[in-house]
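Participant: generate coordinates for the sequence data below:
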Amino acid sequence: MTELAVEAPDVTRGPILHRTSLLTGGLWLLVLLLVDATGNYFDATSFKNLWQLVPYENLTADPFGSVWNLHVQPPLWNLTIGIVGRWSPLPEALSFALLMAGFGFIAAVLLCDTLQRVGVAARWAALLTLFVMCAPDVLVNAFEPRYELAVTAGLVAIAWILVRGAESAARSRWLVALSITATAVTMTRTMYHPIWLALLIGAFAWRWRGAVQRRSLIVSLAIPLVVVGGWMLKNEYIVGRFTLSTWTGMNLQRASIPVLSPADKQTMLAKGELSPVAAVGAFASYDYYLPAVGPCVNKWDSPVLSRLTRDGPFAIPNFNAGCFLPVFDLARHDAEAAIRAHPEAYFKGRVWSSRRWFTLEESLASSKSKPARVLHRAYRFAEVGLPGTLSMDGWSSPLLGPTSPIYHFSVLALLCSIAVLVVAVRRRRGSPFSDLHVYIGFLTVWTFASGVLFELGEQPRFRSMIDPLVFAFGIVALLQGVRALRARSSGRQAAL
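Facilitator: Predicted coordinates for the structure are as follows:
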């Protein structure tokens, strides 16, 4: 296993992608096909009820017009779903299954190639990539058209671009590629805020300034400014909110109000410190918010702004409806008031979310697919999943129900997270791949912080987006540490 140690890199001009990387991506597809064919089928209907999408029937009827009027989310994922649903010549379920498989394939290929480029032997890079990409937390994202796997592909692509830039004396095209890819991530997932984008592009524009042409530098800085800034201006024009996502107030309410004690919540409601929106809770149907905002007065022509519900047997709310905007504003006010009045409750929620971050995916345990169930048991062992509970005692609104179910907490996820942070801080000066380690460390801190501070309950989904990078490079770092300790021990024994 010592071949996992990073060797002196070969920075000569080589192939765009190593053959082993493409083979590894193909093997991952075979695992996905096996799990699907044995009963863990792709869910071809879930996206029609996903909150993150505008009503599917409108999105596929007019993808560009619907996305133009989208304001609750960045646009890229809605646009992707709309285009595939509208124009794919293949059956709907197959189209989206292939879309998700494509993102997983890209992530697997680029991760394996990145590992090889930093010196990991090809066979170990392939095995390590398959290990992290077949983990249930990651694999489950391929069975629904959610954006987690697409974001994973984007984040891994950034790592690959940084390594390719480190291999090149001239880095102009790599800085432009970094700018395009990082902007695409921000335009897909709210978590990767424009501040994240500015820090990432600004840092590498500065670090690579001596190897980048002035024109490429200007283009790289202009891309996020024009694309992200332009979209925020569009939202200001259409709904009066200069933002990529108008429902962040509702997310913050969901992260702060449920952890209040019942007595504290009732006291704040009685005093008028919380609006009736807080009494209802986050992401409910519009009718429940009528005491707070009154009947909806429609001012918009587009159906994605005027419809309060979408088609389907459950009449799922369309949170992109313009009438929800005052609800989101009140939710933000309520969240901020609760945090100011009871910071101890907010802190308790953050501790709970931090623990939730390291819980393992459990849905495959009940899968109809035997290979999926085998994977679940194998990874619970491999990741050292220790049983425990997430108590919600004393909450005004227990998020996961009145009971405290048993979860399994991944020791390996914790160790790998610590390892990539240590490597980022203690990176070797002059190492051609120090930029990569800093990026992975920064990505880990940002995703953890934003996922814990501003959300409650969704942490495993957030973690799954960065797991392939954190696990792969964390395992490499841990094995290097073990090797270094053995070398020191051998040296001491020889000295004796």
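
Participant: show me what counts as buried in stretch 441-452.
Facilitator: Buried residues in stretch 441-452, counting neighbours by 16 or more other CB atoms under 10 Å, are found at 441-444, 446-448, 450-452. The C-beta positions use only the backbone N, C-alpha and C, and glycine is treated the same way.

Participant: among those residues, which lie within helices?
Facilitator: 441-444, 446-448, 450-452 (DSSP state H).

Participant: and which of the buried residues of stretch 441-452 is nearest residue 393?
Facilitator: Nearest to residue 393 out of the buried residues of stretch 441-452 is residue 452 (CB to CB; 20.0 Å).

Participant: so who does that closest one touch?
Facilitator: 350, 353-354, 357, 459 (CB atoms under 8 Å, 6 or more residues apart in numbering).

Participant: out of those residues, who's the most crowded?
Facilitator: residue 353 (23 neighbours; other CB atoms under 10 Å).

Participant: that one contacts residue 448, doesn't it?
Facilitator: No - in this structure, residue 353 is not within contact of residue 448 by CB atoms under 8 Å, at 9.6 Å.

Participant: pLDDT below threshold where in the stretch 351-496 of the chain?
Facilitator: Within the stretch 351-496 of the chain, the segments meeting pLDDT under 70 span 400-404, 428-430, 489-496.

Participant: what are the ranges of the helices in it?
Facilitator: Counting by DSSP state H, counting those that start in this stretch, the stretch 351-496 of the chain has these helices, from start to end: 370-382, 411-425, 434-453, 459-495.

Participant: out of the ones you listed, nearest to residue 46?
Facilitator: The nearest among the helices of the stretch 351-496 of the chain, by CB to CB, is helix 459-495 at 13.7 Å.

Participant: save the buried residues of stretch 441-452 as CSV, and put in distance to residue 469 too.
Facilitator: Shown next, in CSV, are the buried residues of stretch 441-452 (distance: CB to CB, whole Å):
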residue, distance to residue 469
441, 10
442, 11
443, 7
444, 8
446, 12
447, 10
448, 13
450, 16
451, 15
452, 18
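
Participant: in the stretch 201-350 of the chain, which spans are helices?
Facilitator: Under DSSP H, counting those that start in this stretch, the stretch 201-350 of the chain gives helices at 214-239, 248-256, 262-270, 276-280, 290-293, 303-306, 325-341, 343-357.

Participant: would you mind writing the CA trace of the second one as CSV?
Facilitator: Backbone C-alpha positions of helix 248-256 (Å, rounded to 0.1, in the frame of the first residue of the first chain) are rendered in CSV as follows:
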residue,chain,number,x,y,z
THR,A,248,-32.3,32.0,2.0
GLY,A,249,-34.4,33.6,4.8
MET,A,250,-36.6,30.5,4.9
ASN,A,251,-33.5,28.3,5.1
LEU,A,252,-32.2,30.3,8.0
GLN,A,253,-35.6,30.1,9.7
ARG,A,254,-35.5,26.3,9.3
ALA,A,255,-32.0,26.3,10.9
SER,A,256,-32.9,28.4,13.9
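
Participant: average pLDDT for it?
Facilitator: Average pLDDT, helix 248-256: 93.

Participant: ok, which of the helices of the stretch 351-496 of the chain comes nearest residue 194?
Facilitator: helix 434-453 (12.4 Å).

Participant: ok so, going back, list just the nearest of the contacts of residue 452 to residue 372.
Facilitator: residue 459 (22.2 Å).

Participant: hang on, the earlier thing: can you put the helices of the stretch 201-350 of the chain in CSV and add distance to residue 31?
Facilitator: Listed next are the helices of the stretch 201-350 of the chain as CSV, based on distance: least, CB to CB, whole Å:
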stretch, distance to residue 31
helix 214-239, 35
helix 248-256, 33
helix 262-270, 46
helix 276-280, 43
helix 290-293, 48
helix 303-306, 37
helix 325-341, 40
helix 343-357, 26
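
Participant: so which of those is the most surrounded?
Facilitator: helix 248-256 (a mean of 24; mean count of other CB atoms under 10 Å).

Participant: and what about residue 71, helix, strand or coil?
Facilitator: Here residue 71 is recorded as coil under DSSP: H, G, I helix; E, B strand; the rest coil.

Participant: what are the phi and psi values for it?
Facilitator: phi -140, psi -20 (degrees, to the nearest 10).

Participant: who are the contact partners of it?
Facilitator: Residue 71 touches 235, 238-239, 241, 243, 245-246, 320, counting by CB under 8 Å, 6+ apart.

Participant: now with 6 Å?
Facilitator: 235, 239, 246 (CB atoms under 6 Å, 6 or more residues apart in numbering).

Participant: report pLDDT for it.
Facilitator: 97.

Participant: likewise for residue 146?
Facilitator: Value for residue 146, per-residue pLDDT: 89.

Participant: how many neighbours does the closest residue to it other than its chain neighbours have?
Facilitator: Computed as CB to CB, 6 or more residues apart in numbering, the closest residue to residue 146 that is not its neighbour in sequence is residue 50, at 7.0 Å. Neighbours of residue 50 under the rule other CB under 10 Å: 18.

Participant: could you pull up phi and psi at the closest residue in space to residue 355 that isn't next to it in sequence?
Facilitator: What sits nearest to residue 355 in space, not counting adjacent residues and going by CB to CB, 6+ apart, is residue 390, at 6.1 Å. Residue 390 adopts backbone torsions of phi -120, psi 90, taken as degrees, to the nearest 10.

Participant: cool, and the one 5 residues further on?
Facilitator: Taking degrees, to the nearest 10, you get phi -80, psi 150 for the backbone angles of residue 395.

Participant: alright, I will stop here.
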